[in-house]
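K.L.:
Curious how this folds, go ahead:
(2 chains)
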2 protein chains.
Amino acid sequence: MKVHLECIPCLLRQALEATEMSSTDVAVRERALREVMNYLSNIYWDRTTPELATYVHRLIKKVTRNPDPYSQLKKIYTRAALEVYPKLAAIVESSNDPLLIAAKFAIAGNIIDFGLRTDINLEKEISDALDNDLAINDIDKLRQVLLGPKKVLYLADNAGETVFDKLLIEELLKEKAEVTYAVKDAPILNDATFQDAEVAGIVKFAKVISIGTDCTGMLLRECSPKFLEAFENCSFIISKGQGNYESLSDITQKKIFFLLNVKCPIIAEDIGVKTGSAILKQTGALRSFP
Amino acid sequence: MKVHLECIPCLLRQALEATEMSSTDVAVRERALREVMNYLSNIYWDRTTPELATYVHRLIKKVTRNPDPYSQLKKIYTRAALEVYPKLAAIVESSNDPLLIAAKFAIAGNIIDFGLRTDINLEKEISDALDNDLAINDIDKLRQVLLGPKKVLYLADNAGETVFDKLLIEELLKEKAEVTYAVKDAPILNDATFQDAEVAGIVKFAKVISIGTDCTGMLLRECSPKFLEAFENCSFIISKGQGNYESLSDITQKKIFFLLNVKCPIIAEDIGVKTGSAILKQTGALRSFP
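P.N.:
Got it, this is the predicted structure:
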């Protein structure tokens, strides 16, 4: 998905938020915001929005000299998610369709990319996730591929959401899948890094690898050879969140299951669902990825 | 009120909207948006937000070569307001407190600065305006000043809202006030010009003058000597909308009645009310200006 004009003011809103997370000094925030605007007004926009967002967040880290602006928030998210985890695991365990319920929770974890919202009602999000149908539900296609080779590459999204991913990973393991969990090489936005995956307890269930760079979404041309090899050699991909969808939705060479909550109207239009929808959507063929 | 960092992404959102109103050519829209960002990133921000917005909207008019991007929308607003006018006039006429009801409707007209919303439920807005109390209600101060000299300078806001202003102007006339209605010299955003005041029928009730420039809100240093004389010599001012509030809230030399709906959280905080509040707030002394 290429950037739309509507994404530019939204990027600036995100940039403002990131400057607020990065520094308490209003002059520093202003300098960072100015640099972002100057930068955005001078580069080509024929890219994906996560690519532009990557440059924006790197610039903010540089100008504010804060390498991990969302550090505190990521810890809060993860702690909140860990607290609720045993309850969710019990619900999955006792359900008639553990794979679907675990997938629904993994998607609900993507709601809990709450940005700066700390007022989120986790209990309500969870019960909504259980009650509401997925707007696109390709769970049977997931069941289908789990009958064949199952080297799964799981693309993480945010810290905290990682805890919810564990539920789905556990179900994949029950199907004898081999799961590789890919995280960012360094902090950017609230994206999960190795450390975040470790705190969430993912390392006990999956091999955690770095994609080799710090980007929002997925910027394949910057990724490490090791990650690209995992990308090419996996049987299929599970991709979490909007950023990964925007980055990879045009890839047809690889079978990808996109699990996300659609929070943005541009993405909603692209997918053909309403804003607020939870989706599990499979795209791509089974051909190998160059 | 000086600009807050939060205003910058919001200005860019408004700029995007204005480019969409100005041109159907996405390349032209993109060029305008880039120029706005480049401009904003390079000027001092120690100004009011309406001053920055003025430069932004002028730049968009120039780049897109569209001198009146909101022309069509202004006509739609005005027509919708004129249709509902007789009903409102009858409600004011039959009420126990025509001045308050007319003021409430004039403020409600400021809700109907609906931006790009065409789905607004006018009937509902009107009945809400009647039912809901003003969050700040200085109507008795207005009654008080109407006992003294009453050369009123009425600062218009948007086209369409002008029709609602007529109701309040009629009540002021009943109090033997002499009303001068000040509009923008040329189109900017959806602000009322002489032509808009004429279509709304204001000219039958008040002397309509131009402020001498095209700005959002009020940029006194650009206004014409004739307008500044009216500003100085009036007994008090009625100021409509957020832009005029942001522009004039720091002026203490003149008694100003601000009538507005508070749609922006920054302004809400400045005034000390909730977003969504309708207010009639008097500020300033009786000393002459400046």
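K.L.:
contacts and neighbour counts: CA atoms only from here.
P.N.:
OK.
K.L.:
Give me the three-state assignment for A:A18.
P.N.:
Following DSSP: H, G, I helix; E, B strand; the rest coil, A:A18 is assigned to helix.
K.L.:
what's the burial count for it?
P.N.:
26 (other CA atoms under 10 Å in any protein chain shown).
K.L.:
ok, it to A:V84 distance?
P.N.:
27 Å (CA to CA, to the nearest Å).
K.L.:
Next: A:K104.
P.N.:
15 Å.
K.L.:
now do A:A186
P.N.:
As for A:A186, its distance to A:V84 is 27 Å (criterion: CA to CA).
K.L.:
same thing with A:M21?
P.N.:
Taking CA to CA, one finds A:M21 at 26 Å from A:V84.
K.L.:
Pick out whichever of those two has more residues nearby.
P.N.:
Shown here are A:M21 and A:V84; by other CA under 10 Å, A:M21 has more neighbours (20 against 15).
K.L.:
Compute the inter-axis angle for the helix or strand the more buried one falls within and helix B:7-22.
P.N.:
A:M21 belongs to helix A:7-22 when assigned by DSSP states H and E. Orientation check (axes from the mean of the first three to the mean of the last three CA atoms, to 10 degrees): helix A:7-22 against helix B:7-22 gives 180 degrees.
K.L.:
Helix A:7-22 packs against which elements?
P.N.:
If contacts are counted by 3 or more CA pairs under 8 Å, 6 or more residues apart in numbering or on different chains; DSSP states H and E, helix A:7-22 sits against helix A:26-42, helix A:49-64, helix B:7-22.
K.L.:
closest one to A:E178 among the ones you listed?
P.N.:
A:E178 sits nearest to helix A:49-64 of all the helices and strands packed on helix A:7-22, at 28.2 Å, using CA to CA.
K.L.:
Give me the contact status of that closest one with chain B.
P.N.:
No: Helix A:49-64 stays clear of chain B (CA under 8 Å from any CA of the partner chain), getting no nearer than 13.9 Å.
K.L.:
Show me which positions of that helix end up buried.
P.N.:
For helix A:49-64, burial by neighbour count (16 or more other CA atoms under 10 Å in any protein chain shown) applies to A:49-61, A:63-64.
K.L.:
Where does the prediction get shaky in chain A?
P.N.:
A:112-120, A:285-290 (pLDDT under 70).
K.L.:
any chance you could map the helices in it?
P.N.:
Here chain A has its helices, by DSSP state H, at A:7-22, A:26-42, A:49-64, A:71-94, A:98-111, A:122-131, A:139-145, A:161-174, A:194-200, A:225-233, A:241-248, A:265-271.
K.L.:
Next, format those as a markdown table and append distance to A:G284.
P.N.:
Formatted as a markdown table, the helices of chain A follow (distance: least, CA to CA, whole Å):
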| stretch | distance to A:G284 |
| --- | --- |
| helix A:7-22 | 25 |
| helix A:26-42 | 32 |
| helix A:49-64 | 20 |
| helix A:71-94 | 28 |
| helix A:98-111 | 19 |
| helix A:122-131 | 26 |
| helix A:139-145 | 12 |
| helix A:161-174 | 20 |
| helix A:194-200 | 27 |
| helix A:225-233 | 13 |
| helix A:241-248 | 10 |
| helix A:265-271 | 14 |
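K.L.:
count of residues packed around A:V203?
P.N.:
17.
K.L.:
can you tell me which residues contact it?
P.N.:
With contacts defined as CA atoms under 8 Å, 6 or more residues apart in numbering or on different chains, A:V203 is in contact with A:A197.
K.L.:
Distance check, it against chain B.
P.N.:
Plainly put, A:V203 is 39 Å away from chain B if you go by CA to the nearest CA, to the nearest Å.
K.L.:
A:D138 now?
P.N.:
From A:D138 to chain B the distance is 35 Å (CA to the nearest CA).
K.L.:
B:G212 versus that residue, what's the distance?
P.N.:
62 Å.
K.L.:
for A:A102, same thing?
P.N.:
65 Å.
K.L.:
do the same with A:G160
P.N.:
Taking CA to CA, one finds A:G160 at 56 Å from B:G212.
K.L.:
How about A:V179?
P.N.:
Going from A:V179 to B:G212 by CA to CA gives 69 Å.
K.L.:
Comparing these two, which shows the higher neighbour count?
P.N.:
More neighbours surround A:V179 than the other of A:V179 and B:G212, with 22 against 19 (other CA under 10 Å).
K.L.:
I'd guessed A:K254 sits against A:G284; true?
P.N.:
Yes: using CA atoms under 8 Å, A:K254 is in contact with A:G284, at 5.1 Å.
K.L.:
Please say which of these two ends up with more neighbours.
P.N.:
A:K254 (22 against 15).
K.L.:
which bits of chain A sit near chain B?
P.N.:
Near chain B, when you scan chain A using CA under 8 Å from any CA, you find A:5-6, A:9-10, A:12-13, A:16, A:30, A:34-35, A:37-38, A:40-42.
K.L.:
Not including adjacent chain positions, what is the nearest residue to the residue of the stretch 51-200 of chain A found nearest chain B?
P.N.:
Nearest to chain B in the stretch 51-200 of chain A, going by CA to the nearest CA, is A:V56, at a distance of 13.9 Å. Leaving aside its chain neighbours, A:V56 sits nearest to A:V36 (6.0 Å; criterion: CA to CA, 6 or more residues apart in numbering or on different chains).
K.L.:
Quick check: the one you found vs A:T49, distance?
P.N.:
Distance of A:V36 to A:T49, computed by CA to CA: 14 Å.
K.L.:
With A:V262 instead?
P.N.:
15 Å.
K.L.:
same check, this time on A:C223
P.N.:
17 Å.
K.L.:
repeat for A:V183
P.N.:
Taking CA to CA, one finds A:V183 at 19 Å from A:T49.
K.L.:
How about A:V163?
P.N.:
Relative to A:T49, A:V163 is positioned 26 Å away (CA to CA).
K.L.:
can you check A:Q72 too?
P.N.:
Taken as CA to CA, the span from A:Q72 to A:T49 is 25 Å.
K.L.:
ditto for A:G243
P.N.:
Plainly put, A:G243 is 8 Å away from A:T49 if you go by CA to CA.
K.L.:
Check A:A230 too.
P.N.:
Distance of A:A230 to A:T49, computed by CA to CA: 24 Å.
K.L.:
And for A:K74?
P.N.:
22 Å.
K.L.:
Over to A:E125?
P.N.:
According to CA to CA, A:E125 and A:T49 sit 27 Å apart.
K.L.:
circling back: pretty sure A:N38 is one of the things the residue of the stretch 51-200 of chain A closest to chain B touches, is it not?
P.N.:
No: here A:V56 lies out of contact with A:N38, judged by CA under 8 Å, at a distance of 10.6 Å.
K.L.:
how about CSV for the helices and strands packed on helix A:7-22, with distance to A:M218 added?
P.N.:
As requested, those are exported to CSV (distance: least, CA to CA, whole Å):
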stretch, distance to A:M218
helix A:26-42, 19
helix A:49-64, 7
helix B:7-22, 25
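K.L.:
Quick one: closest of those helices to B:A129.
P.N.:
helix B:7-22 (26.0 Å).
K.L.:
relative to helix B:71-94, how tilted is the closest one?
P.N.:
Going by the same axes, to 10 degrees, helix B:7-22 makes 110 degrees with helix B:71-94.
K.L.:
gap between helix B:7-22 and the chain center?
P.N.:
Its chain's C-alpha centre and that of helix B:7-22 lie 18 Å apart, by CA atoms, centre = their mean, to the nearest Å.
K.L.:
Other residues contacting it?
P.N.:
A:5-6, A:9-10, A:12-13, A:16, B:29, B:32-33, B:36-37, B:49, B:53, B:56-57, B:60-61, B:64, B:66, B:68-70, B:189.
K.L.:
Kindly write the ChimeraX command that selects the buried subset of these.
P.N.:
Here is the ChimeraX command that selects the buried residues among these (16+ other CA under 10 Å):
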select /A:5,9,10,12,13,16 /B:29,32,33,36,37,49,53,56,57,60,61,64,66,68,69,70,189
